[in-house]
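> this one's sequence-less:
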DNA sequence: CTGTTAGCGCTTTCAA
DNA sequence: TTGAAAGCGCTAACAG
């Protein structure tokens, strides 16, 4: 089934069918109806490849998701797709592996899909600055921080990870904790881990408390399992700690479970704060103390900035969305 | 950058460049090297649209994911992508809305991507049998049950939901529970809900226990929030129940949280079993009694069947993967 | 308002 | 082993 078949069956030319299917105004109502009838009858759809082969821009916004299993990213994706439905743009989703170079992928997607904009979920522009620099179309990184790159149209919307981590650390300090362990990501990897760590350290430094990395920092992937393992490691290396700062809720929950298995109750024996504020954090027992990232706002603002850049030539921006601190039930007051 | 530009720069014809880029054997080593040098220099990639416009089959397997936020589906997706990496096929992912018609989407994908096979995650062929019937290429539905459709190449790999639900119900009965509430999906919707319900009812019937739908069945979406709400509803309508059969772990956890807020401890006051066996189920407090669906096996077997159909013309099959019952800590023995 | 036609970038025959 | 050229299905410019 091609546009040619439809044209033949309608007794008109391919150009006419194309015009009908693309809602061009210069077709008589009668012809339009005749064509649509045949199209409906066969459930005909235009071949997107041929279309894109011609097109200069496709009225599509592509969403590149890196690391499909993150709960946070999934909420963002869902929200963005919902928000885009009523818009004139259609959405495409490309799922990338944890280890792909998202900027290279974006260049390929740009070339093949000719989108009017690209949304990155879970990418780190810092790592691929050079490749990003080649990307000459409106882009926005959502949830990861990005700094401006000269000569690009790259925006970012994120939570202020540094300040949020400060906030969590301050809270633990206020509650009387000074022996604090950290369960965090690999510091060579994502910039997010680094920023959260920096915020945490800054607060401790301000309070005049030293942090012994070798003893008190356990590296983990962002998973239940690794959170649990890290908690085990931490309790061995630093048995008298009274609190743990976990860099994600998922890690925190893994840790709580392991602590329970080791006979340490949260928050009675050990206090813990998480990060992200995923829905699960308020359904867990105990409810988690955490930093809630406002995913809906992140998604909405990200999309708004992108549309601004696309439609009104706005300059790229790097924005923070306010976080909320949730006290939960997983931290005990010591003093 | 097109193949033409490359050809000009190499001083050869486009056909030659095409042959090099597609690893055809009939190119002299010298030419191949010359071309590859230029290609590398520009990071050139073929335009996939033009390629697909010509191609008959694309050595691609497309994965259609319906309802991107399900944890179970995400594990399946991750596993499939990992398993496909070393294969000669490349994987494409299409994310569908909860309310899309996946068979129609599949027809479009078939036409546009020309895949050699399609994997459905989270679709329900029962609902769109007619559209599926038009799909003349190897397909497999993973995790949802499907019955054979005449004249198609549609396979399915799933857990035996009926038997698994029987098993859970039997377990509750063995533990002395007879007043059992159900938190389940909409019975008009997915076939999975229906099968789990049927299994549950069958066990109760065998034990000679009546089930009062109006009083003991609370409908919920597969989310924490709805699970919690449903638990509230159930406790109002059926305050003396001693156990709850929840059709997913996520619902079960929502319910446990709500029960705790209502002052009812799990398992001391109310017992609960979940379904799916997501990783969280063993990190929750209490550990959840649940049916573990073996996602890795589901994914592997699904892919195997698909490859069999593609490469060896195997007939479509409808297979079950054994489930595991996990006793957890969320059910108390009454007698 | 409608028909005709030149490509979009690529693969693949056919000739050389 | 290589070059030339015919399309794949579609859009848009042009002619009528």
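Arrived safely. Given the structure is predicted, the values throughout are model-derived calculations rather than measurements.

> which residues of the stretch 101-250 of chain A fall in strands?
A:117-121, A:139-142, A:154-159, A:180-184, A:217-219, A:243-246 (DSSP state E, counting those that start in this stretch).

> which helices and strands sit right next to the third one?
In terms of contacts (3 or more C-beta pairs under 8 Å, 6 or more residues apart in numbering or on different chains; DSSP states H and E), strand A:154-159 is packed against strand A:139-142, helix A:295-312, strand A:318-321. Backbone N, C-alpha and C define where each C-beta goes, glycine included.

> is chain B contacted by stretch A:327-334?
No. Under the criterion of C-beta under 8 Å from any C-beta of the partner chain, chain B is not reached by stretch A:327-334; the shortest gap measures 10.7 Å.

> and the helix or strand of chain A with the lowest mean pLDDT, what's buried?
Within chain A, no helix or strand scores below helix A:129-133, which has a mean of 81 by mean pLDDT, DSSP states H and E. Across helix A:129-133, burial judged by 16 or more other C-beta atoms under 10 Å in any protein chain shown covers A:129, A:131-132.

> closest to chain B among those?
Among the buried residues of helix A:129-133, residue A:131 lies closest to chain B (C-beta to the nearest C-beta), at 9.3 Å.

> count of neighbours near the nearest residue to the closest one once chain neighbours are set aside?
The shortest distance from residue A:131 to any non-neighbouring residue, by C-beta to C-beta, 6 or more residues apart in numbering or on different chains, is to residue A:103 (3.2 Å). Per other C-beta atoms under 10 Å in any protein chain shown, the neighbour tally for residue A:103 reads 23.

> just residue A:187 next, same as before
Residues near residue A:187, counting by other C-beta under 10 Å: 14.

> for residue A:205, give its distance to residue B:290.
45 Å (C-beta to C-beta, to the nearest Å).

> whoops, residue A:77 was the one
Taking C-beta to C-beta, one finds residue A:77 at 27 Å from residue B:290.

> settle it for me: which of those two has more neighbours?
residue B:290 (29 against 26).

> which one of the residues in the stretch 101-250 of chain A is closest to DNA strand D?
residue A:114 (11.7 Å; C-beta to the nearest atom of the strand).

> in this structure that residue contacts residue A:61, no?
No. The criterion here is C-beta atoms under 8 Å, and residue A:114 misses it with residue A:61 at 11.3 Å.

> coming back round to it: would you format the buried residues of helix A:129-133 as CSV with distance to residue A:273 included?
Formatted as CSV, the buried residues of helix A:129-133 follow (distance: C-beta to C-beta, whole Å):
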residue, distance to residue A:273
A:129, 32
A:131, 36
A:132, 33
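
> ok, of those, which one's closest to DNA strand C?
For these, with DNA strand C as the reference and C-beta to the nearest atom of the strand as the criterion, the closest is residue A:131, at 19.5 Å.

> next one: the closest one from residue B:41, what distance?
For residue A:131, the distance to residue B:41 - C-beta to C-beta - is 16 Å.

> got it, and residue A:303?
With C-beta to C-beta as the criterion, residue A:303 and residue B:41 are 37 Å apart.

> just to revisit the earlier point, higher neighbour count, residue A:114 and residue A:61?
Between residue A:114 and residue A:61, residue A:61 has the larger neighbour count (other C-beta under 10 Å), namely 24 against 19.

> who's that one bridged to?
residue A:91, residue A:117 (DSSP bridges).

> next to DNA strand D, which bits of chain A? Give me the list.
A:2-4, A:14-15, A:18-19, A:21-22, A:46-47, A:50-51, A:53-55 (C-beta under 7 Å from any atom of the strand).

> I appreciate the help and will end here.
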